[in-house]
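Peer 1: got a sequence here, can you build the structure:
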Amino acid sequence: MAYNNAGLYAYLYCRIIRTDFFGLNAMPHLKKLRQVEPLAKLWDRKAQKCGLRHTIFSVNGDNYTGDWLDNKKHGKGTQTWKTHGAIYDGDWKYGKRDGYGIYSKLLSAPYEYSREYSGEWRNDKKHGLGTYFYTDSASYEGEWREDQRSGWGRMYYDNGDIYEGEWLKDKQHGQGMLRLSNGNRYEGNWKYGKKNGNGKFFYLDKGQLYEGFWVDGVAKCGTVTDFGREEAPKPTVHPIPKVLLLDVQSVLMETQSAHHSE
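Peer 2: Here you go, the predicted structure:
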């Protein structure tokens, strides 16, 4: 077949258009490979609990209802422990009790709980201001540090005694007052749960006052004087005579120095 120059150019142009259109001479199209997330990782991510959830049950029978963040209890929530028969309702932070909350124990009657502690928590321990109920008549209200009474607090005992003052690691430590059930009271220094240092003991039933120095709960050296003897229910037969020492304070200080040096 013969073509003139114009016809030849037209023929070649049509061939180029046709081959490009049908992709005969075109470069192959490269698809971008999408990175596929492993199924195990995908399922784990989808299983992460976040936000408000209904009750989540554990294999051991425990359950939790409340807020979550990154698969941890975080926010407001209620935890029930089946084995211990206990329930906590309050604040959570990254899976631990933190903030304000109430901890209760299950009574013998079904679904009845008795409040044991109400107050502040930090890092899953009683920390801050709170009230703990030991029995129906014994309780403590005051400061806590890492599950122990530390700081200022008031303790009500089963026998009717009341202590109000400073605490350290679950023991009276510092300045405090112990009021006995019969009305007598001690005011002064404490150390690791015992009277230590200067203090006053008011024997209001007899109308007497002891003021002196104590070592491990024992009065070592001091003075005894009449105090409210006229109003006392069981006063002594005779009033206490006055001390005839010229310098009582120097004698007391000398005795205290001797005990400190032991």
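Peer 1: so which strand or helix has Lys105?
Peer 2: For Lys105, the element it lies in under DSSP states H and E is strand 96-106.
Peer 1: name the strands paired with that strand and say parallel or antiparallel.
Peer 2: Strand 96-106 sits in its sheet next to strand 86-93 (antiparallel), strand 113-122 (antiparallel), going by DSSP bridges.
Peer 1: now render those as a markdown table, adding distance to Gly99, mean pLDDT and mean neighbour count.
Peer 2: Every C-beta, even on glycine, is put in place using the N, C-alpha and C of the backbone. A markdown table is the format used below for those (distance: least, C-beta to C-beta, whole Å; pLDDT from 0 to 100; neighbours: other C-beta atoms under 10 Å):
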| stretch | distance to Gly99 | mean pLDDT | mean neighbour count |
| --- | --- | --- | --- |
| strand 86-93 | 3 | 97 | 19 |
| strand 113-122 | 6 | 96 | 17 |
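Peer 1: for the ones you listed, give me JSON lines that also has distance to Gly193.
Peer 2: Putting these into JSON lines (distance: least, C-beta to C-beta, whole Å) gives the following:
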{"stretch": "strand 86-93", "distance to Gly193": "28"}
{"stretch": "strand 113-122", "distance to Gly193": "21"}
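Peer 1: out of those, which gets nearest to Thr131?
Peer 2: Of all the strands paired with strand 96-106, the one in closest proximity to Thr131, counting by C-beta to C-beta, is strand 113-122 (5.6 Å).
Peer 1: where does pLDDT dip in the stretch 101-250 of the chain?
Peer 2: For the stretch 101-250 of the chain, residues meeting the criterion pLDDT under 70 lie at 109, 243-249.
Peer 1: the helices in it, which residues?
Peer 2: With DSSP state H, counting those that start in this stretch applied, the stretch 101-250 of the chain shows helices at 248-260, listed in chain order.
Peer 1: just the strands from it, written as ranges.
Peer 2: Secondary structure of the stretch 101-250 of the chain, counting by DSSP state E, counting those that start in this stretch: strands at 113-122, 125-133, 139-145, 148-156, 162-168, 171-179, 185-191, 194-203, 208-215, 218-226.
Peer 1: Asp158 is in contact with Ser181, correct?
Peer 2: No - the pair Ser181 / Asp158 is not scored as a contact, 10.1 Å apart, by C-beta atoms under 8 Å.
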